[in-house]
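Visitor: Predicted model and sequence below, questions to follow.
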Amino acid sequence: MEQIKIVLVDDHQMFRDGVKSVLSDEENIEVIGEVGNAKDLYELLKLQTPDLVITDISMPDISGIELSKYISENFPGIKILILSMHSNEEFITKALNAGANGYLPKDTSMNELLEAINTIYKGDNYFNKDISNTILKTFIGKSKESENEKSLTKREKEIVKLVVDGLTNKEIAERLFISIRTVDSHKNNILQKLNLKSSVELVKYAIKNKLADIE
């Protein structure tokens, strides 16, 4: 079985121990390292390459947002999940812009944490409903569309909204009663039309350009 290699970054040992204890019960997950600050993570990344880094925002040396930017720029193959007590829009959007692939509050259930880990590992973004609503209600509204945005079909716009809402390709397929292959095709067309390379870039673009509306 292919294992997801994870590094935990949090300055609270008790919290790291709790998360590590839960993850150790999962056959497809291996915690290969844990550190309490960014400096120690830099040293660890010289020796090991995890699939996913789970980090807090508040740390003693630099913020998890700055850390996310460093990882995304220097180790683009490593996914990033923010796990933080901060759930306001400022922190969330800064984390997304820094390259985070997911964002969860620290009081999230362990089942949701596991779902987020597996979802992000497969290449999708993950935000729980509360985080998604914070993003949408704060940043998504009416705006003028660019020529590229106007070229999106109604179905493509539906898919953009669902991607921003944190749904996986499988969940989008089930919601719209289409195949996963069709979802993939639509997403590829969207990325091509908007000159984007990934779902992460699509989420950032949608937030910045207000492509989805709250109904």
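Guide: The structure has been received and is ready for your questions.

Visitor: all contacts plus neighbour counts: C-alpha atoms, from now on.
Guide: Will do.

Visitor: close enough to count as contact, residue 53 and residue 10?
Guide: No: taking contacts as C-alpha atoms under 8 Å, residue 53 lies outside contact range of residue 10: 10.6 Å.

Visitor: The nearest residue to residue 126 once chain neighbours are set aside bridge partners, please.
Guide: Spatial nearest neighbour of residue 126, excluding adjacent residues (C-alpha to C-alpha, 6 or more residues apart in numbering): residue 102 at 4.6 Å. Beta-bridge partners recorded for residue 102 (DSSP bridges): residue 81, residue 126.

Visitor: Compute the number of surrounding residues for residue 102.
Guide: Using other C-alpha atoms under 10 Å, residue 102 is surrounded by 26 other residues.

Visitor: what about it, distance to residue 57?
Guide: Distance of residue 102 to residue 57, given as C-alpha to C-alpha, to the nearest Å: 13 Å.

Visitor: list the residues that contact both of the two?
Guide: Shared contacts of residue 102 and residue 57 (C-alpha atoms under 8 Å, 6 or more residues apart in numbering): residue 82.

Visitor: if we can go back for a sec, hang on, the residue nearest to residue 126 packs against residue 123?
Guide: No: using C-alpha under 8 Å, residue 102 is not in contact with residue 123, being 10.8 Å away.

Visitor: May I see the buried residues of the host helix or strand of residue 204?
Guide: Applying DSSP states H and E as the criterion places residue 204 in helix 199-209. Across helix 199-209, burial judged by 16 or more other C-alpha atoms under 10 Å covers 199-207, 209.

Visitor: rewinding a little: tell me which residues touch the residue nearest to residue 126, please.
Guide: 80-82, 96, 116, 120, 125-127.

Visitor: which of those residues lies closest to residue 193?
Guide: Comparing these against residue 193 with C-alpha to C-alpha places residue 125 closest, at 20.2 Å.

Visitor: tell me, which helix in the chain spans the most residues?
Guide: Across the chain, the longest stretch assigned as helix under DSSP state H is helix 180-194.

Visitor: Pull the residues that contact that helix.
Guide: 148-149, 151-152, 156, 159, 169-170, 172-173, 197-198, 202.

Visitor: Show me which pair in the residues you listed is furthest apart.
Guide: Spatially, the most separated pair among the contacts of helix 180-194 is 148 and 170, at 26.2 Å (C-alpha to C-alpha).

Visitor: Quick one: mean pLDDT over the longest helix of the chain.
Guide: Average pLDDT, helix 180-194: 89.

Visitor: Would you map the strands across this structure?
Guide: Under the criterion DSSP state E, the chain contains strands at 4-9, 29-35, 52-55, 79-84, 102-105, 126-127.

Visitor: Ok, which of those comes nearest residue 73?
Guide: Residue 73 sits nearest to strand 79-84 of all these, at 11.5 Å, using C-alpha to C-alpha.

Visitor: quick check: domain ranges of the protein?
Guide: The chain breaks down into these domains under automatic domain parsing: 4-136, 141-209.

Visitor: show me what contacts residue 3?
Guide: 27-30.

Visitor: how close does it sit to residue 125?
Guide: Residue 3 is 19 Å from residue 125, by C-alpha to C-alpha.

Visitor: Next: residue 151.
Guide: 24 Å.

Visitor: Same check on residue 98?
Guide: 14 Å.
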